[in-house]
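> the following block contains a protein sequence and its predicted model.
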Amino acid sequence: MDEDIEALRREVQHLIAMNTASYVAITSLVATHPDPQQLQLHLVTALEAVLGSERLARWTDEQKQIVRRALEAFQQVRPAVPIDPLATAFGERDPRK
C-alpha cells in the first residue's frame, strides 16, 4: 500500500512539473504571437466551444472552472518586446544602423 501511495505521489509531482513547463511554454508562445488580437479572439472562442462540448459534459464544475481560469490567465499575457540578438551582441556597433 505504501508503495502505491508513493507511486501516486511521484505521478502527481510529475504532472505538476509537466503542467508548469507547459504553462511557461504556452505563455511564451502567447506573448510572442504575431497577431495577439486574433489569438485572444481564438482563445475565447475555443474556451466556450470546449466548455460546451459533449466531451466535457461529465466533468465537474470545478474541473470546468480550472479550464476557464487557466485560459483566462493566458488572456492576460501581453505581447513581448521583440528580441534582437544581433542588436544585443553588437550594441552601438550594430552595422544595420
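Received the coordinates, thanks.
> tell me the spacing between Pro36 and Pro79.
5 Å (CB to CB, to the nearest Å). All C-beta spots, glycine's among them, are computed from the backbone N, C-alpha and C.
> try Trp59
32 Å.
> what do you get for His33?
7 Å.
> and if you look at Asp4?
46 Å.
> for the worst-scoring helix or strand of the chain on mean pLDDT, which outside residues touch it?
In the chain, no helix or strand scores lower on mean pLDDT, DSSP states H and E than helix 85-90, which sits at a mean of 84. Applying CB atoms under 8 Å, 6 or more residues apart in numbering, the contact partners of helix 85-90 are 94, 96.
> how far is that helix from where the chain is centred?
In terms of CA atoms, centre = their mean, to the nearest Å, the centre of helix 85-90 is set 28 Å apart from its chain centre.
> alpha carbons of stretch 63-76, as PDB, please.
The C-alpha coordinates for stretch 63-76 follow below in PDB (Å, rounded to 0.1, in the frame of the first residue of the first chain):
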ATOM      1  CA  GLN A  63     -12.800  21.000 -13.500                       C
ATOM      2  CA  LYS A  64     -14.500  23.300 -15.900                       C
ATOM      3  CA  GLN A  65     -13.600  26.300 -13.700                       C
ATOM      4  CA  ILE A  66      -9.900  25.200 -13.700                       C
ATOM      5  CA  VAL A  67     -10.000  25.100 -17.500                       C
ATOM      6  CA  ARG A  68     -11.600  28.600 -17.600                       C
ATOM      7  CA  ARG A  69      -9.200  30.100 -15.100                       C
ATOM      8  CA  ALA A  70      -6.200  28.600 -16.900                       C
ATOM      9  CA  LEU A  71      -7.200  30.000 -20.300                       C
ATOM     10  CA  GLU A  72      -8.200  33.400 -18.800                       C
ATOM     11  CA  ALA A  73      -4.700  33.500 -17.400                       C
ATOM     12  CA  PHE A  74      -3.300  33.200 -20.900                       C
ATOM     13  CA  GLN A  75      -5.600  36.100 -22.000                       C
ATOM     14  CA  GLN A  76      -3.800  38.300 -19.500                       C
END
